[in-house]
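Asks: Next input, structure requested:
(2 chains)
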Protein chains: 2
Amino acid sequence: MDPQAMPDGRRRVVIEAVSPQVDGGRFAVKRCTDDRVVVEADAFCDGHDRIACRLRWCREADQAWHEAPMTALANDRWRGEFAVDAPGAWRYTVVAWVDHFLSWRAELSRRVEAEDIIVALRHGAELVAAAARRAGAADRARLAEFAAALQTETDADRGKRLGLDALLEQLAARYPDRSLATTYATELPLWVDRPRARHGAWYELFPRSCVDANAQHGSLAACMARLDYVAAMGFDVVYLPPIHPIGFTKRKGPNNTLRAGPDDPGSPWAIGAPAGGHKALHPDLGNLQDFRKLAARARELGMELALDFALQCSPDHPYVREHPEWFRHRPDGSIQYAENPPKKYQDIYPIDFETPAWRELWAELKSIVDFWVGEGIAIFRVDNPHTKAFPFWEWMIAEVRREHPDVLFLAEAFTRPKVMQRLAKLGFSQSYTYFSWRNTKQELSDYLTELSKSEAREYLRPNLWPNTPDILTEYLQFGGRPGFIIRLVLAATLGATYGIYGPAFELQESEPRDPGGEEYLDSEKYVVRHWQLDRADSLKDLLARVNRIRRDNPALQQDWNLEFYPSDNEHILCYGKYTGDHAEMVVVVVNLDPHHAQSGWVRLPVERYGLDDARPYQMHDLLSGSRYLWHGARNFVSLDPRASPAHIFRLRRRVRSERDFDYFM
Amino acid sequence: MDPQAMPDGRRRVVIEAVSPQVDGGRFAVKRCTDDRVVVEADAFCDGHDRIACRLRWCREADQAWHEAPMTALANDRWRGEFAVDAPGAWRYTVVAWVDHFLSWRAELSRRVEAEDIIVALRHGAELVAAAARRAGAADRARLAEFAAALQTETDADRGKRLGLDALLEQLAARYPDRSLATTYATELPLWVDRPRARHGAWYELFPRSCVDANAQHGSLAACMARLDYVAAMGFDVVYLPPIHPIGFTKRKGPNNTLRAGPDDPGSPWAIGAPAGGHKALHPDLGNLQDFRKLAARARELGMELALDFALQCSPDHPYVREHPEWFRHRPDGSIQYAENPPKKYQDIYPIDFETPAWRELWAELKSIVDFWVGEGIAIFRVDNPHTKAFPFWEWMIAEVRREHPDVLFLAEAFTRPKVMQRLAKLGFSQSYTYFSWRNTKQELSDYLTELSKSEAREYLRPNLWPNTPDILTEYLQFGGRPGFIIRLVLAATLGATYGIYGPAFELQESEPRDPGGEEYLDSEKYVVRHWQLDRADSLKDLLARVNRIRRDNPALQQDWNLEFYPSDNEHILCYGKYTGDHAEMVVVVVNLDPHHAQSGWVRLPVERYGLDDARPYQMHDLLSGSRYLWHGARNFVSLDPRASPAHIFRLRRRVRSERDFDYFM
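Replies: Down below sits the predicted model:
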């Protein structure tokens, strides 16, 4: 290319490797409104000149750019940060330039010969005069004075002091010459959520099992009372499986049998019947008025409802009749039911995302979410998003959140890692994880380290579930009551967001339908269950205590702050979470063996807390209320699962005086 | 966005993380014409469908795309490769699509019920008929026959066999439906060099020290004879420091003193005098005819000349008079000489890359390279490129190589890592490294592992120098003759490309100008040196032997194949390089201590070579000619630096029979 055709070849500063970023800015980094966004970049120029580097950011909606200086770290790396005060789309980038005043000042400080200094002062005078011309009215005169003084000074020592004057540096820094500044090639997208995207305790329940005495089928009205029960345990989100009309054709019977009896309610995921589809309520559950009352009651209790968004249709769904072109047809003209040969799911028709009518399809599917958003719902748990086309999710989530940036989507995709990551990149606010099947010390520490430290954390937020209506793990089948407690403590303290499927969880439902399988016997997916909530062995009080601990300790409301600590027993997992300023630390010790007492030595990074090796300190177990006297880094723990399989300790720094501080509780 | 406005939301395949790539395709990956380019990508779609994935590549000049299938690895990763047969700019990308025929076939193979199979056959008939419509004339009829058979078959078993027919699969794979294919968003740039970019032995010499008997100043004519001397040592590239007229104003005297006597020749890097600038020859060296003869002689000897490209001017350079606007001026109107306070370099004016006349400047600087390329020069060693504006290099290198893709540039930037990497990204073919100062086992293995295994290897090719006219390392100052041998063996076997500054190297010049400094006493940079090439202690025969070993062993002509092996003595460094097929292996053992004999056990990965632990094998030291009988993985070595501080072993696999193979030499 002829240089004549080039815009400007004099932009000498290079900006590279700005972090965080996802796929070169193709996808947004995720943060919450209570986060500070820390940005780093490599920035440098040729030669020995000094550069200045600034972070730029804006809300996409108003495009008004803010700026803050970045600070040089080692090795040409710079860092800056900014706060995000509203959910929605933001952008950030970095700008840097050769700062000739700073370069001049740095050289002046090293000059020794009087003659050189005098020449340098005259050069400085030019630079400062130019800054004065760029200056605002408030500073212009002052800069001009400095310029004049530099121009006329004849004493080298006095001149050097003048040139290095701190006020001059301050004033000049306000009016740099940015005509040849480099701006990083990409404005990196950032999506900001409300804090619920990062932390919260979820409770999944089937409304149809919220049954008034002797009723056959539960109702939203009866569900109102159940909300009090859930709120008492301290949950934040109540997630309801589909509440829509359920198909009759090929309806499944108890335990997923192929023939349903006349009173069998069918699977809530076989959505659609003459009574309506995804925007309708199951007639037995109630009407929209009932739903609004339920949602309002949840809000009163400090909780919010999450709905299921399951994109499939029973053969009786109105879409099947009205839009046969949205489904794949078999050569005989019938609609292709879901299958994964040799398995068949005749009660469900998958949607064909390759339909030529995809535009109309997308618009209609989005309108389902819009409908429920209109009813005040702002969390959707999306069923099997990995079996629907990726472009749809990216478009739908972006469109919904353009108007409603507070809406959250949880991806229920138990599938291959890269597929799960792609869904998260496309916009899902949270993701189910493999946590349910990570049991050993090595498995748990490897996997949680990956979730909390790898680059994927910029866009994938984990939501940890010990159980779901589809997942009754082997660990829970065989671990007994201690097994449930262990998995609860792990989920609730390893993850800022976790959830349980109840009341199956607190009532320790553990019978599988088939040996070696993960389906529940008499799964609530196919029948109405009458739960005995007041059973003496219920874990509801423990749940309440754990959720209280989560609310009281901000360290547990974050994921990235997780650290694992050594223990010399393979069954004892020890880890901690700290608040950003290390003012508070939660240390968890779990015996992963639900059958036997285990003991051993754990090692904490007490040096980071300035703890004195010689003096004991008190560890307060928030779970049991017990207090222990510990010494130094290495301490002995012993956990009998029949008593309690875990400690949740709090360690808080208390400054006694400037030079002496200690810890309490 | 309204889906009506979207191009097509049905492209279900995702392609991510294509490797190699540099900064998301902003810069080119580098390969040589004898390389195969291996490309990997993550590719997957939603659901359970099968995908097909292909690698696409083309030369930028002709834009004719080639394609080859990619193979599925684990975890949604795919791999393909292609050969590059000409230097220049290439591009590659990845395309993938949901393959409905493959998906159908995979499902058919799992179907068991006759009824399902028959329905599936009809669906298959539709897919195959569609393939027949896309097919070339040669295959159309055959596919149509298959379609007809699938349409009419009524026996499930026979039908299943028909659907799974290997020929059908083969034919259908030729005509996939790519209408909804996804192409990776970026066409990734690839720069292909001739193999000299990757491997070669360089020899730096000052032509002015090529002196006829009793002459004061060498000439290119006298340099002709020196070429025979260099060729006899087996070097590939002869690099000449600047051969242009040298300025008189502020000329430096011997040992960089400020006042030159009338006969002092000055620094060749103080370019420009009344006799001309960068396109002229120093009058004492000869004229352009002499230069052409020299270049031709080098080619006759199987070598090529590399010139220095040093962008600075002596005060007497014609540019200073003709283009004062290309230099920075001091407030008093004089031109600013080079300085890094308190140091001053009054014999050199740096070029001001922020000049408003940068376009004319760039064109002129490029014309220097064009001029010498016109004289047959295709390698430039660029002096301090990190003190010139980055955009200039990117433009200049690209422009020169657009017409002359065989031209190579070596960056002499001994500076911060990210600056060196940036220059390499901008297009420099090779880079000087920190090798000169890496001495210990840990330093060498860490640094060479970084160079040969980190992502930077995609664009940064190292050129290892034990010494240069600016760098007489402490190790060479104090290591004696063994020190020189050690550094030579390391450079020549760790690096596919290495170089020495001679005859200072082979004559073991080791006196520094100042204690603690790295400048040579009586540095050739400021004086003409009369080297005694036939001194008995010269390392020239050793150099010849080492370069012969490099030429005979392709494993030493690559960088990425380097592996370090354990040794139990901190002074013994052991490493190997193998050819791609593991047919040949070179194992080097170096005693890093130039003063004392060292011995210890080294461990080779013999299992990779199928060596039998029980049977001895012969190790042939190519350096000394000695042969050793080794057993298994662990063997004892003892190296006395007074005899030889290193072994260079060759280990070659010889297949005796299909099931029995052994090694020789």
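
Asks: ok, the residue most central in space within chain A to chain B distance?
Replies: For chain A, the residue nearest the mean C-alpha position is residue A:461 (3.4 Å; C-alpha atoms, centre = their mean). Distance of residue A:461 to chain B, computed by C-beta to the nearest C-beta, to the nearest Å: 20 Å. From N, CA and C alone the C-beta is placed, and that goes for glycine too.

Asks: swap in residue A:492?
Replies: For residue A:492, the distance to chain B - C-beta to the nearest C-beta - is 30 Å.

Asks: interface residues of the stretch 401-550 of chain A facing chain B?
Replies: A:416-419, A:422 (C-beta under 8 Å from any C-beta of the partner chain).

Asks: which one of the residues you listed sits closest to residue A:620?
Replies: For these, the minimum distance to residue A:620 (C-beta to C-beta) is 38.5 Å, reached by residue A:417.

Asks: quick one on the thing from earlier: any idea which of the residues of the stretch 401-550 of chain A next to chain B has the most stuff around it?
Replies: residue A:422 (28 neighbours; other C-beta atoms under 10 Å in any protein chain shown).

Asks: phi, psi of that one?
Replies: Main-chain torsions, residue A:422, degrees, to the nearest 10: phi -60, psi -40.

Asks: Test my guess that the residue nearest to the centre of chain A contacts residue A:30.
Replies: Yes: counting by C-beta atoms under 8 Å, residue A:30 is a contact partner of residue A:461 at 6.8 Å.

Asks: tell me, what's touching those two both at once?
Replies: By C-beta atoms under 8 Å, 6 or more residues apart in numbering or on different chains, residue A:461 and residue A:30 have these common neighbours: A:197, A:429.

Asks: Up against chain B, what does the stretch 51-200 of chain A have?
Replies: Counting by C-beta under 8 Å from any C-beta, the residues of the stretch 51-200 of chain A near chain B are A:75-76, A:98, A:107-108, A:110-113, A:116, A:119, A:122-123, A:125-126, A:180, A:185.

Asks: Burial check on residue A:166, number of neighbours?
Replies: Neighbours around residue A:166, by other C-beta under 10 Å: 7.

Asks: follow-up on the earlier one: save the residues of the stretch 401-550 of chain A next to chain B as CSV, and put in pLDDT, secondary structure and distance to residue A:34 too.
Replies: Output for these, formatted as CSV (pLDDT from 0 to 100; DSSP: H, G, I helix; E, B strand; the rest coil; distance: C-beta to C-beta, whole Å):
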residue, pLDDT, secondary structure, distance to residue A:34
A:416, 97, coil, 33
A:417, 97, helix, 29
A:418, 98, helix, 30
A:419, 98, helix, 30
A:422, 98, helix, 27
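
Asks: which one of those is nearest chain B?
Replies: residue A:418 (4.7 Å; C-beta to the nearest C-beta).

Asks: Double-check the closest one against residue B:76; I have them as touching.
Replies: Yes: using C-beta under 8 Å, residue A:418 is in contact with residue B:76, at 4.7 Å.

Asks: Quick one: classify residue A:587 as helix, strand or coil.
Replies: Taken by DSSP: H, G, I helix; E, B strand; the rest coil, the conformation at residue A:587 corresponds to strand.

Asks: Tell me what it is bridged to.
Replies: Listed beta-bridge partners, residue A:587: residue A:576, residue A:649 (assigned using DSSP bridges).

Asks: What residues sit buried inside the helix or strand hosting residue A:15?
Replies: Element membership for residue A:15, per DSSP states H and E: strand A:13-19. Neighbour counts over strand A:13-19 (16 or more other C-beta atoms under 10 Å in any protein chain shown) mark A:13-16, A:18 as buried.

Asks: Output those in CSV, with distance to chain B and pLDDT appended to each entry.
Replies: Compiled in CSV, those are given as follows (distance: C-beta to the nearest C-beta, whole Å; pLDDT from 0 to 100):
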residue, distance to chain B, pLDDT
A:13, 9, 98
A:14, 6, 98
A:15, 11, 98
A:16, 7, 97
A:18, 11, 98
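
Asks: Same list (those residues) but as TSV, adding distance to residue A:471.
Replies: Shown next, in TSV, are the buried residues of strand A:13-19 (distance: C-beta to C-beta, whole Å):
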residue	distance to residue A:471
A:13	53
A:14	50
A:15	46
A:16	44
A:18	39
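
Asks: Return the closest of those with respect to residue B:554.
Replies: Using C-beta to C-beta, these come closest to residue B:554 at residue A:16, 34.9 Å.

Asks: Could you find the closest non-adjacent residue to the closest one?
Replies: residue A:42 (4.4 Å; C-beta to C-beta, 6 or more residues apart in numbering or on different chains).

Asks: Tell me which strands the host helix or strand of the one you found pairs with, and in which orientation.
Replies: Per DSSP H and E: residue A:42 is located in strand A:36-45. Strand A:36-45 has the following sheet partners, assigned by DSSP bridges: strand A:13-19 (antiparallel), strand A:77-83 (antiparallel).

Asks: contacting residues for whichever residue of the stretch 351-500 of chain A sits closest to chain B?
Replies: Closest contact between the stretch 351-500 of chain A and chain B, by C-beta to the nearest C-beta, is at residue A:359 (4.1 Å). Residues counted as contacts of residue A:359 (C-beta under 8 Å, 6+ apart) are B:3-4, B:6, B:9.

Asks: follow-up on the earlier one: what's the closest of the strands paired with strand A:36-45 to residue B:536?
Replies: strand A:13-19 (51.3 Å).

Asks: quick one: contacts for residue A:319?
Replies: By C-beta under 8 Å, 6+ apart, the contact set of residue A:319 is A:272, A:277, A:313, A:326, A:364.

Asks: from these, which single one is nearest residue B:102?
Replies: residue A:326 (24.3 Å).

Asks: how about the closest one, what does it touch?
Replies: If you count contacts by C-beta under 8 Å, 6+ apart, then residue A:326 has A:319, A:351-352, A:355, A:357, A:361 around it.

Asks: When you filter those residues down to buried only, what's left?
Replies: Burial by neighbour count, 16+ other C-beta under 10 Å: within those this picks out A:319, A:351-352, A:355, A:361.

Asks: Tell me which of those fall in strands.
Replies: Using DSSP state E, the subset of the buried ones among the contacts of residue A:326 located in strands is empty.
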